[in-house]
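1. Provided below for reference: sequence and predicted model.
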Amino acid sequence: MTSHQSTQTMKPATAAKKLGVYLEATPAEFREGVVSRAELNELQANPPQWLQDLRLNGPHPRPVVAAKLGVSIAGLARAGVTEPLTTEQIEALKQEGPEWLERERATQAEVRKESARIKKKNAERQA
């Protein structure tokens with residue numbers, strides 16, 4: 001018997017997540033098909049113009065919006081930001097500096113600080 005290697009494919013939603021783009025903003029041919037591992041690797045290595053534009057201008061999915069604002073996804077939800085935002089909208093929020101954004105950035109900084117403290121403590125314990 002010979003082993004048969006099948007092509008690994010994924011749903012467009014999974015591929016969009018791996019590419020860091022908002023699925024609904026992708027071209028119809030991307031949303032309606034399946035994406036093979038080779039196609040995903042090609043999109044990552046040589047992004048077409050539509051992918052470059054989406055990454056640059058958006059609309060961006062929540063994980064990307066949260067990262068660009070320096071807050072958590074939960075922080076976005078607490079602030080009522082549930083829709084994808086464009087780069088322009090994200091920059092406008094940064095300029096405005098609303099109270100919720102400052103509060104969520106401070107919370108995120110505390111979480112990072114605590115995570116670093118725990119990691120250091122665990123490293124010392126293992127040493």
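-> In hand now; what should we look at?
2. need the contact list for Tyr22.
-> Ala16, Leu54, Gly58, Pro59, His60, Pro61, Pro84 (CB atoms under 8 Å, 6 or more residues apart in numbering). Any C-beta I mention is one placed from the backbone N, CA and C, and that applies to glycine too.
3. Max pairwise distance over those: which two?
-> Greatest spacing in those, by CB to CB: Ala16 and Gly58 (13.0 Å).
4. Can you give me the buried ones in the longest helix seen in the chain?
-> In the chain, taking DSSP state H as the definition, the longest helix is helix 99-126. The neighbour-count check on helix 99-126 (16 or more other CB atoms under 10 Å) flags Trp100, Leu101, Glu104, Arg105, Gln108 as buried.
5. Dump these into JSON lines; add distance to Glu29 and pLDDT as well.
-> What follows is the buried residues of helix 99-126, written out as JSON lines (distance: CB to CB, whole Å; pLDDT from 0 to 100):
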{"residue": "Trp100", "distance to Glu29": "38", "pLDDT": "91"}
{"residue": "Leu101", "distance to Glu29": "37", "pLDDT": "89"}
{"residue": "Glu104", "distance to Glu29": "37", "pLDDT": "90"}
{"residue": "Arg105", "distance to Glu29": "39", "pLDDT": "90"}
{"residue": "Gln108", "distance to Glu29": "37", "pLDDT": "90"}
